[in-house]
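S.K.: Here's a sequence, model it:
(one chain, ligands or ions: 1)
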Amino acid sequence: MNRFEGKVAIVTGAASGMGEMEARIIAAEGGQVILTDVARELGEKVAADIGDAALFMHHDVADEARWSEVVETARERFGPPTVLINNGGVGAYGGIHEITADYMRRIMEINFMGGFFGIRAVLPSMQERGGGAIVNISSGLATTSLAGYFPVGVSKWAVRGMTRLAAKDLAPFNVRVNTVFPGAIDTPSLVQSVRDNAKALIPIGRAGGADECARVVTFLASDEASYVSGAEVMVDGAMLC
Ligand SMILES: NC(=O)c1ccc[n+]([C@@H]2O[C@H](COP(=O)([O-])OP(=O)(O)OC[C@H]3O[C@@H](n4cnc5c(N)ncnc54)[C@H](O)[C@@H]3O)[C@@H](O)[C@H]2O)c1
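M.R.: The predicted model follows:
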């Protein structure tokens, strides 16, 4: 398949896990991709391994000013980006009664505002090209409420809400916005106790592979999903259905 032929994509948090897999799939299917992450060494290695179709940029998604540089570099190097995967994010734990306001603010800045900045930065390129596709990575946590998961849970509920509202706002520009809810995916971010108890916790009996989630994300980012917008796709082995 060459679903990304002629397309330029930005994938955040692409130095490892699902973001890395998404960048690899996009390049393998003919696209050109800017990988961004705060993990410089890892990100540079992944981009070098992908080859000429990839470029790594060090970027904290919460840094709004740097978003314009990322998009400008994408345009200069490859052309206007029309695919954005807001994947970079962090797990963050504690109850509302335990965390500080500064901690909460920082988690919202990364997990929620990062994606918001990204959408606004990339939108002009999408409009110029007559459309685009955005996939926001939320979490199964945005379908439920677990004690002790307040910061990550609230931030991922916000990503869910942003996706639905942005899908409505951006449909007239032919920009699709979808979200994926990973359950327990075996990446460096997976909580160890979930990995250890996967058989008991997950109906399908195991954690998912980064590639198993990335394939769903890249489907939504491709023209195969040309009439899918505002969708919420669980990738969780039936854990939260
Ligand atoms: N693994 C899971 O089970 C699971 C479950 C639900 C949601 N998610 C979400 O999936 C996404 C990908 O995570 P993953 O599981 O592949 O984990 P991962 O740790 O392998 O990848 C996340 C990447 O994001 C990067 N990152 C962290 N903070 C950043 C920032 N401020 N700016 C830019 N990059 C940043 C990290 O350096 C890392 O490379 C995240 O948004 C995560 O919250 C993962």
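
S.K.: only C-alpha atoms for contact and neighbour calcs from this point on.
M.R.: Noted.

S.K.: which helix is the longest one in this structure?
M.R.: In the chain, taking DSSP state H as the definition, the longest helix is helix 150-170.

S.K.: what does the average pLDDT come to for that helix?
M.R.: Averaged across helix 150-170, the pLDDT comes to 98.

S.K.: Kindly report the same for stretch 128-136.
M.R.: Average pLDDT, stretch 128-136: 99.

S.K.: before we move on, what about stretch 14-28?
M.R.: 98.

S.K.: can you name the farthest residue from the center of the protein?
M.R.: Relative to the centre of the chain, and counting by CA atoms, centre = their mean, the farthest-placed residue is His97 at 28.7 Å.

S.K.: how close does that one sit to the ligand?
M.R.: For His97, the distance to the ligand (CA to the nearest ligand atom, to the nearest Å) stands at 22 Å.

S.K.: and that residue, which of the three is it?
M.R.: The three-state label given to His97 by DSSP: H, G, I helix; E, B strand; the rest coil is coil.

S.K.: Now do the phi/psi pair for the residue positioned nearest the centre of the chain.
M.R.: Taking CA atoms, centre = their mean, the centroid of the chain lies closest to Asn87, which sits 1.9 Å from it. Dihedral pair for Asn87: phi -110, psi -30, per degrees, to the nearest 10.

S.K.: contact partners of the lowest-mean-pLDDT helix or strand in the chain?
M.R.: The helix or strand of the chain with the poorest confidence is helix 192-196; it has a mean of 91 (mean pLDDT, DSSP states H and E). Residues from elsewhere that reach helix 192-196 (CA atoms under 8 Å, 6 or more residues apart in numbering): Ala184, Asp186, Leu201, Ala207.

S.K.: ok, Met57 - contacts?
M.R.: Ile34, Leu35, Thr36, Asp37, Arg40, Gly43, Val70.

S.K.: mind redoing it with 7 Å?
M.R.: With contacts defined as CA atoms under 7 Å, 6 or more residues apart in numbering, Met57 is in contact with Leu35, Thr36, Asp37.

S.K.: quick one: contacts for the last one?
M.R.: In other words, Asp37. Going by CA under 7 Å, 6+ apart, Asp37 touches Thr12, Gly13, Ala14, Ala15, Gly43, Met57, His58, His59, Asp60.

S.K.: can you check the first one too?
M.R.: For Leu35, the contacting residues are Ile10, Val11, Thr12, Ala14, Ala23, Leu55, Phe56, Met57, by CA under 7 Å, 6+ apart.

S.K.: can you give me phi and psi for the residue nearest to Ser125 when sequence neighbours are not counted?
M.R.: Leaving aside its chain neighbours, Ser125 sits nearest to Pro80 (5.1 Å; criterion: CA to CA, 6 or more residues apart in numbering). For Pro80, the backbone dihedrals (degrees, to the nearest 10) come out as phi -60, psi 130.

S.K.: Nearest spatial neighbour of Leu95, chain-adjacent residues omitted?
M.R.: Residue 95: Gly, not Leu. In space, Gly95 is closest to Gly148, 4.4 Å off (CA to CA, 6+ apart).
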